[in-house]
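1. Sharing a model that was predicted from the sequence below.
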Amino acid sequence: MTDRPERFALTPELSISRVLTGLWQVADIERSGTPLDLDAAADALRSYADAGFDTFDMADHYGSAELIAGRLLARHEGAPRPLAFTKWCPEPGPMTPEIVRAGVEERLSRLGVERVDLLQLHWWTFEHPAWLDALHEFKALQAEGLIGAIGLTNVDAAHLALAVADGIPVVSNQVSFSLIDRRAAGPLSKVCAATGTRLLAYGTLCGGFLSDRWLGQPEPKAIADWSRMKYKRFIDTAGGWNVLQTILAAAAEIGRRHGVSIANVASRWVLEQPAVAGVIIGARLGESEHRADNLKLFDFALDAEDRERLDAALAAARPIPGDCGDEYRRPPYLTASGDLSHHLGQVPSVYRAEAVPGRPERLRVSSGSVWEPLAGYSRAVREGNRVFVSGTTATHGRDRVVAPGDAGAQATYILDKIGASLNALGASMEDVVRTRVYLRSIDDWEPVSRAHGRAFGEIRPANTLLAAGALVGDYAVEIEAEAVVREG
């Protein structure tokens, strides 16, 4: 019988437990306003670390989780010490070197360390391009020795590919991944295979719903904790309580064959996915511990019969829509608080609409590119209910070319930029009726078309794609758009 969890080399210097201990429930425990006792909570973490579960995952908004981990690290003597992974989740806005440094230094101070082992960025909306500024500052601070490794959280396949193509050494992306939510097994895993980035999977047990406790039980009428509130939304979206029971029954049968729990089967299925480095299993410090059960993950493997039984059960479930992280950015919002449109509506637009002198009925936006004043044009113009977006390239700020040589990544960036331009003028991507795509090389038609399809797959505007030959500047693709805003 295994007495220590398996390990995975996330980088040559960073060997992690394949079962990470998640501390998000600290925030739930503390939501009444009473913080946990730091020393007692650190004692609980120490028992995990002593058993080999020495990789802890937290975030700036997980209550006092960083302080608890810091208390544990302060007590530790010698090497290797426990690992503390955390996240920075800033409100979208300018990401200057000073702002990013302050965010990182706060993580260092709360953890009481000189270097964050893994710092992960969460960003609310990719239409605000400063997430790339933040990541480039991460890279600079990594070179300075303040950050060990750089990760992302809740980032979809296209934007992970964009970040890597733009020169960011992303070692991990933390996403929801479970028998209920299998989105990460699709395009995101393909990007991981191409880039070497690994997945840290959370939600593996769906807030505890993927466990023996819920097999054969009636659907709960009320849910008290945030984690279960969130994952009940996932279950409902996947088809509801009967679908969950079908999956639980299949996992229970597999568990009986191997002498393990439903939770073990659910976690093992995720661990065996090729892109996954580890699963994050939450801990309610001082309330419950499941270390002995989690160790059983490494005493068995799923065979062909097991996978066939699970596949048959999963066939009854509806796929969770979209890509990883979409639950935070577009309907259906699958978070503990539900609809996040009010929050996203408060995110400041990266562009500002202004009236055209002498034409008060006309509005325009500029993106700050060096080319706009030089050639005398606007990024986008609105006249009445029509919006015209100029040919847009992957120009970040005044003149930096994003993801040089990668047409698909550039198209992803361009379409975010178009979306931001439309929003500043009271329109949206859903209002687009025509696009035109110009390629330097016709060989890039497929990655660019796939990026266009991700943005407009259900909208289906009229489109023209052609090879234009040499584009001005070091760009592989340029895209323009027209939109008609719905009346009322």
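-> Noted; the coordinates are in hand. Nothing here was measured: the structure is a model prediction, and the numbers come from that model. Residues are numbered from 1 along each chain as shown.

2. Identify the residues contacting stretch 61-72?
-> Applying Cβ atoms under 8 Å, 6 or more residues apart in numbering, the contact partners of stretch 61-72 are 23-24, 26-27, 29-31, 35-36, 38-39, 41-42, 45-46, 49, 56, 58-60, 82, 84, 86, 89, 107, 110-113, 285. For every residue, glycine as well, the C-beta is placed using N, CA and C.

3. again, only this time at 6 Å
-> Contact with stretch 61-72 is made by 23-24, 26-27, 30, 35-36, 38, 41-42, 45-46, 56, 58, 84, 86, 89, 110-112, as judged by Cβ atoms under 6 Å, 6 or more residues apart in numbering.

4. Surely residue 36 forms part of a helix?
-> No - under DSSP: H, G, I helix; E, B strand; the rest coil, residue 36 falls outside any helix and is assigned coil.

5. distance of residue 437 from residue 443?
-> Using Cβ to Cβ, to the nearest Å, we find residue 437 at a distance of 14 Å from residue 443.

6. Name the residues of stretch 7-24 that come out as buried.
-> Judged by neighbour count using 16 or more other Cβ atoms under 10 Å, the buried positions of stretch 7-24 are 8, 10, 14, 16-24.

7. Now tell me which of the residues you listed the prediction trusts least.
-> Across the buried residues of stretch 7-24, the smallest pLDDT goes to residue 24, namely 89.

8. Let me see the contact set for that residue.
-> 62, 282.

9. Can you give me the distance of it to residue 230?
-> Distance of residue 24 to residue 230, given as Cβ to Cβ: 10 Å.

10. hmm, back to that, so which of the contacts of stretch 61-72 are in helices?
-> Judged by DSSP state H, helices contain the following of those: 26-27, 38, 41-42, 45-46, 110-111.

11. Regarding the nearest residue to residue 356 once chain neighbours are set aside, what is its secondary structure?
-> In this structure, residue 356 finds its nearest non-sequential neighbour in residue 362, 4.3 Å apart by Cβ to Cβ, 6 or more residues apart in numbering. Three-state call for residue 362 (three-state DSSP): strand.

12. give me the beta-bridge partners of residue 362?
-> residue 383 (DSSP bridges).

13. Compute the number of surrounding residues for it.
-> By other Cβ atoms under 10 Å, 15 other residues sit near residue 362.

14. Report whether the expected contact of it with residue 384 is present.
-> No - with contact defined as Cβ atoms under 6 Å, residue 362 does not count as touching residue 384 (8.8 Å).

15. Which of residue 437 and residue 443 has more residues huddled nearby?
-> The residue with more neighbours, out of residue 437 and residue 443, is residue 437; 24 against 11, by other Cβ under 10 Å.

16. How about the contacts made by the spatially most central residue of the chain?
-> Nearest residue to the geometric centre of the chain (Cα atoms, centre = their mean): residue 154, 1.0 Å. Counting by Cβ under 6 Å, 6+ apart, residue 154 makes contact with 122, 325, 328.

17. Skip the chain neighbours and tell me the closest residue to it.
-> In space, residue 154 is closest to residue 325, 3.6 Å off (Cβ to Cβ, 6+ apart).

18. Identify the residues contacting that neighbour.
-> Applying Cβ under 6 Å, 6+ apart, we find residue 325 in contact with 154-156.

19. Show me the residues you listed that map onto helices.
-> In helices, judged by DSSP H, none of these are found.

20. From the residues you listed, pick the one nearest residue 74.
-> The shortest approach to residue 74 among the contacts of residue 325 belongs to residue 154, at 30.2 Å (Cβ to Cβ).

21. Any stretches of the stretch 301-450 of the chain with poor pLDDT?
-> Applying pLDDT under 70 to the stretch 301-450 of the chain picks out residues 336-346.

22. All the helices of it, residue numbers only.
-> Secondary structure of the stretch 301-450 of the chain (DSSP state H, counting those that start in this stretch): helices at 304-314, 341-345, 371-375, 407-424, 445-456.

23. among the ones you listed, which is nearest residue 171?
-> helix 407-424 (18.3 Å).

24. now what about that closest one, what contacts it?
-> Residues contacting helix 407-424 (Cβ under 6 Å, 6+ apart): 126-127, 158, 161-162, 165, 349-351, 353, 365, 379-380, 389, 392, 394, 402-403, 428-429, 444, 447-448, 451, 455, 476-477, 479, 481, 483.
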